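K.L.:
coords please:
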Amino acid sequence: MNNWKFAIDMELDGEKYYREQANINKDNGLNVVCLMLAEDEKKHAQILTDKMNEKSFQLIESDTLLKAKNIFEGIGNIKTEGKEISSQLDFYRIATEKEKQSIDLYKEYLAKATANEEKELFEYLIEQEKHHYEVLDNIASLLLKPEEWVENAEFGIRKEY
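P.N.:
This next block holds a predicted model:
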């Protein structure tokens with residue numbers, strides 16, 4: 001399997017994963033974010049496919065990070081049952097690992113790239129995947145805030161009895 005095909009498959013696997021997670025989380029705020037991430041991964045796969053087939057392609061900046069921040073501001077802390085938080089944290093861990101793998105792969109490809117067009121493509125994909133990582137980091141913060149507050153409250157200043 002060549003590098004292009006491997007990268008395309010990785011992006012398509014990411015799209016599939018985010019769509020599955022959107023379906024699992026259709027009753028909470030993760031649904032919209034997962035669908036946006038899935039669309040980004042689909043676009044990345046198309047760009048890579050076009051490059052592999054020597055077709056022209058456009059590197060269009062995604063507004064997923066901005067949209068996700070707006071969604072996060074609107075929902076505040078994610079309030080769910082303990083079991084749901086656990087599964088959402090599992091989602092976060094798996095998804096961030098996938099994004100890290102993508103970043104590492106594209107950095108490796110960037111280091112080997114000789115043509116300017118390829119370098120620009122891999123720099124673009126690295127930035128896109130970093131944005132995805134930031135979106136996921138925001139999700140984790142929202143999931144953990146209520147839990148951390150309870151844990152930290154026991155160390156707060158208390159009135160004497």
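K.L.:
any weak-confidence spans in the chain?
P.N.:
1, 65, 68-86, 143, 145-161 (pLDDT under 70).
K.L.:
And the longest helix along it, what does it pack against?
P.N.:
In terms of residue count, the longest helix belonging to the chain (DSSP state H) is helix 116-153. Helix 116-153 is packed against helix 30-52, helix 64-75, helix 82-112, with contacts defined by 3 or more C-beta pairs under 8 Å, 6 or more residues apart in numbering; DSSP states H and E. Where C-beta positions appear, they are placed from N, C-alpha and C, glycine not excepted.
K.L.:
Tell me which of the ones you listed lies nearest to D9.
P.N.:
Between D9 and these, the tightest spacing by C-beta to C-beta is seen for helix 30-52, at 8.3 Å.
K.L.:
Just the residues contacting that closest one, thanks.
P.N.:
Here helix 30-52 makes contact (C-beta atoms under 8 Å, 6 or more residues apart in numbering) with 2, 4-5, 7-8, 11-12, 14-16, 18-19, 21-22, 25, 56-60, 62, 64, 67-68, 71, 78, 88, 91, 95, 117-118, 121, 125, 128, 132, 135, 139.
K.L.:
hmm, 7 Å instead?
P.N.:
Helix 30-52 has contacts (C-beta atoms under 7 Å, 6 or more residues apart in numbering) with 4, 7-8, 11-12, 14-15, 18-19, 21-22, 25, 56-57, 62, 64, 67-68, 71, 88, 121, 125, 128, 132, 135, 139.
K.L.:
Could you tell me which residues within that helix count as buried?
P.N.:
30, 32-38, 40-45, 47-49, 51 (16 or more other C-beta atoms under 10 Å).
K.L.:
Kindly calculate the angle that it makes with helix 116-153.
P.N.:
Here the directions of helix 30-52 and helix 116-153 differ by 160 degrees (axes from the mean of the first three to the mean of the last three C-alpha atoms, to 10 degrees).
K.L.:
Helix 30-52 versus helix 82-112: what angle between them?
P.N.:
Put simply, helix 30-52 runs at 20 degrees to helix 82-112, going by the same axes, to 10 degrees.
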